[in-house]
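Q: okay, predicted coordinates and the sequence, questions at the end:
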Amino acid sequence: MQVEVTQLFIYPIKSCAGIQLERSAIDYRGLQWDREWVIVDEQGQMLTQRTVPMMTLIQPAITEQNLVLQAPDMPELTVSLALDESEAIRLRIWDDLTLGADQGEAVAAWLTQFLQQPCRLLRVHTKAQRGLSQTWVRKWLQADLAPAEATDLAQTHFGFADGFPFLICNQASLDELNALIVQQGADPISMNRFRPNIVIQGLEAYEEDYLWSLVGEQLQFAKLKNCTRCPLPNVNPLTAEIGLQPALALRDSRRTLEGVTFGVNAALFGLEPAATLTVGQCFEAEFTF
């Protein structure tokens, strides 16, 4: 079965607003610039919209030389994209320990003023080696369908995304979920509530639950697990207000033994050099049934 990429998103700063793209460079770490930065509090703990919904109003942009930040009632701020060998700062992304590089006092003051709490911006350090969960990698590699070239999954490293370099969502699944949301008396939601990297069409609603891989000419994605969802999609990305949807609709329609799920977590294998991903690109979907 063939599927088509209909939307691409990156989120340069973890839990801040995303950027929609028509094409992107791509490698094992994810789409270029995705979750390259993270905001931490004065104890060095990462901040997310789960506890600081105002983060969704911080809009990053990437220029040739800078990361540019905008937010309501704040001056525009630029942070250089030039890599440096500054001191590596240890931090935790959920259960994983990794390394970040502090991005300086100016951006720390800007974020502290907007978020109204002391915080700093860290970038993935050049020495960071955060790998995929080997539990899910082994499970995928040990299945009969796994090709020989997929062993590179075990060496994959990525930045500050929650647990995997790619989140893939299916447009038909959102359409079905929105039908239930409307039935429950609320307005439909947009896909950006779920913060996907890749949106596809061509599958039936929730058929991605049984996806094994997406295979293209240059790119091959291993679907490693169904994505369990926290309350973060209840944050309206335009206003930072917290509502009841889509949590209610997900609770009533997507409760599984894994938890409440929507979308799938994936990683690349057998990657060809200088690969790109574009809207309109097609893949062959392979399933576990």
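A: Ah, there it is. It should be emphasised that the depicted structure is a prediction, and the values quoted were computed from it without experimental measurement.
Q: strands along the stretch 151-289 of the chain, start to end?
A: 166-170, 198-201, 211-215, 220-228, 255-256, 259-268, 276-278, 282-287 (DSSP state E, counting those that start in this stretch).
Q: Gln117 and Asp41 touch, don't they?
A: Yes. Gln117 is in contact with Asp41 according to C-beta atoms under 8 Å; the separation is 6.6 Å. (C-beta placed from N, C-alpha, C; glycine too.)
Q: these two: who's more crowded?
A: Set side by side, Gln117 and Asp41 give different neighbour counts by other C-beta atoms under 10 Å, the larger being at Asp41 (16 against 13).
Q: how many residues are close by the nearest residue to the more buried one once chain neighbours are set aside?
A: In space, not counting the residues next to it along the chain, Asp41 is nearest to Cys119; the distance is 5.4 Å by C-beta to C-beta, 6 or more residues apart in numbering. Number of residues near Cys119 (other C-beta under 10 Å) recorded here: 23.
Q: for Ile189, same thing?
A: Ile189, neighbours per other C-beta under 10 Å, totals 20.
Q: per-residue pLDDT, it?
A: What the model reports as pLDDT for Ile189 is 98.
Q: can you pull the contacts of it?
A: Remark: with contacts taken as C-beta atoms under 8 Å, 6 or more residues apart in numbering, Ile189 is in contact with 174, 177-178, 181, 233, 245-246.
Q: do you have the helices of the stretch 51-200 of the chain handy? List them.
A: Under the criterion DSSP state H, counting those that start in this stretch, the stretch 51-200 of the chain contains helices at 105-115, 134-141, 171-183.
Q: including mean neighbour count, distance to Asp209 and mean pLDDT, could those go into CSV?
A: Output for those, formatted as CSV (neighbours: other C-beta atoms under 10 Å; distance: least, C-beta to C-beta, whole Å; pLDDT from 0 to 100):
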stretch, mean neighbour count, distance to Asp209, mean pLDDT
helix 105-115, 17, 36, 98
helix 134-141, 15, 15, 93
helix 171-183, 17, 9, 98
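Q: can I get those helices in JSON lines with distance to Leu81?
A: Putting these into JSON lines (distance: least, C-beta to C-beta, whole Å) gives the following:
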{"stretch": "helix 105-115", "distance to Leu81": "13"}
{"stretch": "helix 134-141", "distance to Leu81": "31"}
{"stretch": "helix 171-183", "distance to Leu81": "32"}
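Q: nearest to Val215, out of these?
A: Checking those against Val215 by C-beta to C-beta gives helix 134-141 as the closest, at 14.1 Å.
Q: and Leu203, how many residues sit next to it?
A: Here the number of neighbours of Leu203 (other C-beta under 10 Å) works out to 20.
Q: which residues touch it?
A: 1, 3, 170, 172-173, 211, 285.
Q: repeat for Ser86
A: Counting by C-beta under 8 Å, 6+ apart, Ser86 makes contact with 101-102.
Q: how far away is it from Ala109?
A: Here the distance between Ser86 and Ala109 works out to 18 Å (C-beta to C-beta, to the nearest Å).
Q: just to revisit the earlier point, quick one: the residue nearest to Asp41 and Val40 touch, right?
A: Yes. Applying C-beta under 8 Å as the test, Cys119 and Val40 come out as touching, 6.3 Å apart.
Q: overlap of the contact sets of those two?
A: Both Cys119 and Val40 are in contact with Leu47, where contact means C-beta under 8 Å, 6+ apart.
Q: pLDDT weak spots in the stretch 1-150 of the chain?
A: Under the criterion pLDDT under 70, no range of the stretch 1-150 of the chain is flagged.
Q: what ranges does it have for its strands?
A: Using DSSP E, counting those that start in this stretch, the strands assigned to the stretch 1-150 of the chain run over residues 2-10, 19-21, 23-27, 30-31, 37-41, 59-62, 66-70, 77-80, 88-93, 96-102, 119-124.
Q: which elements pack onto the longest one?
A: Taking 3 or more C-beta pairs under 8 Å, 6 or more residues apart in numbering; DSSP states H and E as the contact definition, the neighbouring helices and strands of strand 2-10 are strand 19-21, strand 23-27, strand 198-201, strand 276-278, strand 282-287.
Q: buried deepest among the ones you listed, which one?
A: Comparing the helices and strands packed on strand 2-10 on average neighbours per residue, with mean count of other C-beta atoms under 10 Å, the densest one is strand 198-201 at a mean of 22.
Q: so what touches it?
A: For strand 198-201, contacts defined as C-beta under 8 Å, 6+ apart pick out 3-9, 166-172, 191, 208, 214, 277, 283.
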